[in-house]
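Enquirer: predicted model and sequence below, questions to follow.
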Amino acid sequence: MVGLIQAKIAQPAGFGVRGMSTTSAISQHGITLPMDLIADLCRKYEVAELSVFGSLLRDDFGPDSDIDFLAVFDNDDYGP
């Protein structure tokens, strides 16, 4: 899928999909996603995979835009 950032939390400490560090931050359009804090939340709520998609990753992101997340929970359940 084009325009998708994934961070798989069930990886060796500090690394996600394609070696993406979960101890750094991702910054786009002046919004910073602190990967270390997001990784903590994912572990707390048993999120196996978290993806960011939508206008945040494109040029049409603006003041009225939201940030889209897709979560896959451990054991493919519906989450907490």
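Expert: Arrived safely, thanks for sending. It should be emphasised that the depicted structure is a prediction, and the values quoted were computed from it without experimental measurement. Numbers count the residues shown, from 1 in each chain.
Enquirer: could I get the full set of strands for the chain?
Expert: Along the chain, the stretches classed as strands by DSSP state E are 4-8, 25-28, 31-34, 47-53, 68-73.
Enquirer: could you check stretch 27-36 and say which residues are buried?
Expert: Buried residues in stretch 27-36, counted by 16 or more other C-beta atoms under 10 Å: Leu33, Met35. All C-beta spots, glycine's among them, are computed from the backbone N, C-alpha and C.
Enquirer: same deal with stretch 35-49?
Expert: In stretch 35-49, counting by 16+ other C-beta under 10 Å, buried: Met35, Ile38, Ala39, Cys42, Val47, Glu49.
Enquirer: how deep is the closest residue to the fifth one other than its chain neighbours tucked in, by neighbour count?
Expert: Counting by C-beta to C-beta, 6 or more residues apart in numbering, the nearest residue to Val47 once its immediate chain neighbours are dropped is Ala71, at 5.0 Å. Ala71 sits with 14 neighbouring residues when counted by other C-beta atoms under 10 Å.
Enquirer: could you do Pro63 as well?
Expert: Per other C-beta under 10 Å, the neighbour tally for Pro63 reads 4.
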